[in-house]
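**Student:** Need a 3D model of the following:
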Amino acid sequence: MSLILAAIAPAFIIIIYIYLKDKYEKEPKRILLFSFLLGAIVSVLITTILYLLFDYFLPLTDENSISQLLIKAFLVVALTEEFSKYVIVRYYSQSKKSFNEPFDGIIYAVMVSMGFAVVENLMYVLQGGLEVALVRAFTAIPAHATFGILMGYFMGKAKFNGKRIADNLIGLTLAILFHGIYDFFLFLKFIPGIWIGAFISLSLAIILSRKAIKIHQNNSFFNNNKSE
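**Tutor:** Next comes the predicted model:
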């Protein structure tokens, strides 16, 4: 039970944090919960299917090949996982009436991302123990959250600025880019110290995420104090 709690607690802390950042018009808890569950079930299912297809059609066997690790990081992992989250936000969350301001793109994308992250984290933590839980609480879980925020920032803009296709794809691309960079540096285990690049990219993603949250807060349709 302690391992399960250690695996899920970081994601729920982030969910509460983002929920509180939605200052002016809270989303229905039922839809937020359903978004989380879709991330935990449907996104994981989509990812699993795509992983199996990549393994069959594009097997990557050389862990010391930079080119193969590049493909694995950006195409196999980042594209697969972020696309699986994007599909839920795009075709479920974005169509809801409750998705009625740009900030909603962030909160729904984070809910889906945290649903996915909880399932992924459970698998790693139940296998690796509390030490893995502690490390991932400050790395993988915040990383999934920032990827979701960056994606959601543009998906929130997309619904209201008349550039739905372009901004949706920008959001997806940005999430893939940061996810791929983060994973690529971690995959290069045979190069001493290169893993620091993952933390630099995560730090940058956190900084950009905080700015994205602030921008959508300030520009909320329900913020009576926003500047004209």
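
**Student:** CA only for contacts and neighbour counts going forward, please
**Tutor:** OK.

**Student:** Dump the helix or strand where Leu20 lies to CSV, keeping only the CA atoms.
**Tutor:** Element membership of Leu20, judged by DSSP states H and E, is helix 2-21. Below are the C-alpha coordinates for helix 2-21, written out as CSV (Å, rounded to 0.1, in the frame of the first residue of the first chain):
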residue,chain,number,x,y,z
SER,A,2,2.9,2.4,0.8
LEU,A,3,4.3,1.9,-2.7
ILE,A,4,0.9,2.6,-4.3
LEU,A,5,0.5,5.8,-2.3
ALA,A,6,4.1,6.8,-3.1
ALA,A,7,3.4,6.2,-6.8
ILE,A,8,0.1,8.2,-7.1
ALA,A,9,0.7,11.0,-4.5
PRO,A,10,2.9,13.2,-6.7
ALA,A,11,0.4,13.2,-9.6
PHE,A,12,-2.5,14.2,-7.2
ILE,A,13,-0.4,17.0,-5.7
ILE,A,14,0.1,18.4,-9.2
ILE,A,15,-3.6,18.0,-10.0
ILE,A,16,-4.5,20.0,-6.9
TYR,A,17,-2.0,22.6,-7.7
ILE,A,18,-3.3,23.1,-11.3
TYR,A,19,-6.9,23.0,-10.0
LEU,A,20,-6.2,25.8,-7.6
LYS,A,21,-4.5,27.8,-10.4
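
**Student:** which other residues reach that helix?
**Tutor:** Helix 2-21 is contacted from outside by 26, 107, 110-111, 114, 117-118, 121-122, 125-126, 129-130, 133-134, 137, 141-142, 145, 213, 217, using Cα atoms under 8 Å, 6 or more residues apart in numbering.

**Student:** same thing with stretch 62-75?
**Tutor:** By Cα under 8 Å, 6+ apart, stretch 62-75 touches Leu60, Ile176, Leu177, His179, Gly180, Ile181, Asp183, Phe184, Phe187, Leu188, Phe190.

**Student:** where are the low-confidence patches of the chain?
**Tutor:** Applying pLDDT under 70 to the chain picks out residues 225-228.

**Student:** circling back to that earlier point, just the buried residues out of the contacts of helix 2-21, in ChimeraX syntax.
**Tutor:** In ChimeraX, this line selects whichever of the contacts of helix 2-21 come out buried by 16 or more other Cα atoms under 10 Å:
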select :107,110,111,114,117,118,121,122,125,126,129,130,133,137,141,142,145,213,217
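
**Student:** these two touch, right, Gly115 and Val42?
**Tutor:** No - with contact defined as Cα atoms under 8 Å, Gly115 does not count as touching Val42 (9.7 Å).

**Student:** So for the two, which residue has more residues nearby?
**Tutor:** Counting neighbours by other Cα atoms under 10 Å for Gly115 and for Val42 shows that Gly115 has the greater number, 28 against 20.

**Student:** burial count for Val119?
**Tutor:** Val119: 16 surrounding residues under other Cα under 10 Å.

**Student:** what distance separates the helix or strand harbouring it from the middle of the whole chain?
**Tutor:** In the assignment (DSSP H and E), Val119 maps to helix 103-128. Its chain's C-alpha centre and that of helix 103-128 lie 7 Å apart, by Cα atoms, centre = their mean, to the nearest Å.

**Student:** residues making contact with the helix or strand that it is followed by?
**Tutor:** The helix or strand immediately downstream of helix 103-128 is helix 130-137, counting by DSSP H and E. Contact partners of helix 130-137, identified using Cα under 8 Å, 6+ apart, comprise Leu3, Ala6, Ala7, Pro10, Asn121, Tyr124, Val125.
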